[in-house]
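*Asks:* Sequence and computational prediction follow.
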Amino acid sequence: MIFAPFSFDIFLCMRVLSLDASSTTIGCAVIDFVGGKIKLKHQSYYKPLKKVSIFEMLSDIQTFVTTQLETWKPDDFVIEDIVQYMAKRSGAKTIILLAILNRTICLHYYNTTNKEPVLLNVMKIRHTLKKTPVFPKKEEMPELVAEHLGIEFPYEYNRNGKIKTESYDVADAIAVGLAHIKIQSSPKPVKKSKKKKKKK
């Protein structure tokens, strides 16, 4: 099967701040879309506070989000939704914490900007970015987003020369922003109006 390249609305311009959030690492990316061209402006990750109350952790994350909003002034704010964490491999405690964290970030954005965040689940993201019929795995996302951007992925390495796990969180954050841009800028199909049957 041959996949056609993405076509874009070249008149659409936007800056997207996208997050992949968990209680261990928050991947962050800023992507500009101008004149049909996509450019990765910034990528990073943030480590939420540990060994503190959940309220201290959430407050600290809100401060982080505020800093990103004030620094980058995005047009759209996109976050990976939590549907993917509903699999059997995640316990109720983990699911609840992730849901609280995710929706706290979303509510903070809404209260700060009076705009609703965009929520994309992992299936939608990977379906939008995939280049073969097979859905890409998490470990394949860095190279996939790099291919879409036409860059070498900015991996970080530990002292042993191995790729840091945080690099995959960053890749997921970039993927969220890329998927949003591709969805928003792709030509929308025109719905054909149904002809009414004439009564005999």
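*Replies:* Sure thing, it's come through. Numbers count the residues shown, from 1 in each chain.
*Asks:* what about stretch 115-133, how long is it end to end?
*Replies:* 35 Å (Cα to Cα, to the nearest Å).
*Asks:* now D32, nearest residue through space, not along the chain?
*Replies:* Once flanking residues are discounted, D32 sits nearest to K39: 4.7 Å by Cβ to Cβ, 6 or more residues apart in numbering. For glycine as for every other residue, the C-beta is placed from the backbone atoms N, C-alpha and C.
*Asks:* So that neighbour is in contact with A29, correct?
*Replies:* No - here K39 lies out of contact with A29, judged by Cβ atoms under 8 Å, at a distance of 11.3 Å.
*Asks:* So for those two, which sits in the more crowded spot?
*Replies:* More crowded of K39 and A29, by other Cβ atoms under 10 Å: A29, with 27 against 13.
*Asks:* Name the residues of the host helix or strand of the more buried one that come out as buried.
*Replies:* Using DSSP states H and E, A29 falls within strand 26-34. Buried residues in strand 26-34, counted by 16 or more other Cβ atoms under 10 Å: 26-33.
*Asks:* and that strand, which strands flank it?
*Replies:* Partners of strand 26-34 in the sheet, by DSSP bridges, are strand 14-21 (antiparallel), strand 37-46 (antiparallel).
*Asks:* in the sheet, who's paired with I79?
*Replies:* L19, L119.
*Asks:* quick one: pLDDT of it?
*Replies:* According to the prediction, I79 has pLDDT 98.
*Asks:* model confidence over stretch 55-70, on average?
*Replies:* The model assigns stretch 55-70 a mean pLDDT of 98.
*Asks:* Please apply the same query to stretch 26-37.
*Replies:* Stretch 26-37 comes out at a mean pLDDT of 96.
*Asks:* got the angle for the longest helix seen in the chain vs strand 26-34?
*Replies:* The longest helix of the chain (DSSP state H) is helix 92-113. With axes from the mean of the first three to the mean of the last three Cα atoms, to 10 degrees applied, the angle from helix 92-113 to strand 26-34 works out at 40 degrees.
*Asks:* Show me what counts as buried in helix 92-113.
*Replies:* Within helix 92-113, the residues that qualify as buried are 97-98, 101-102, 104-106, 108-109, counting by 16+ other Cβ under 10 Å.
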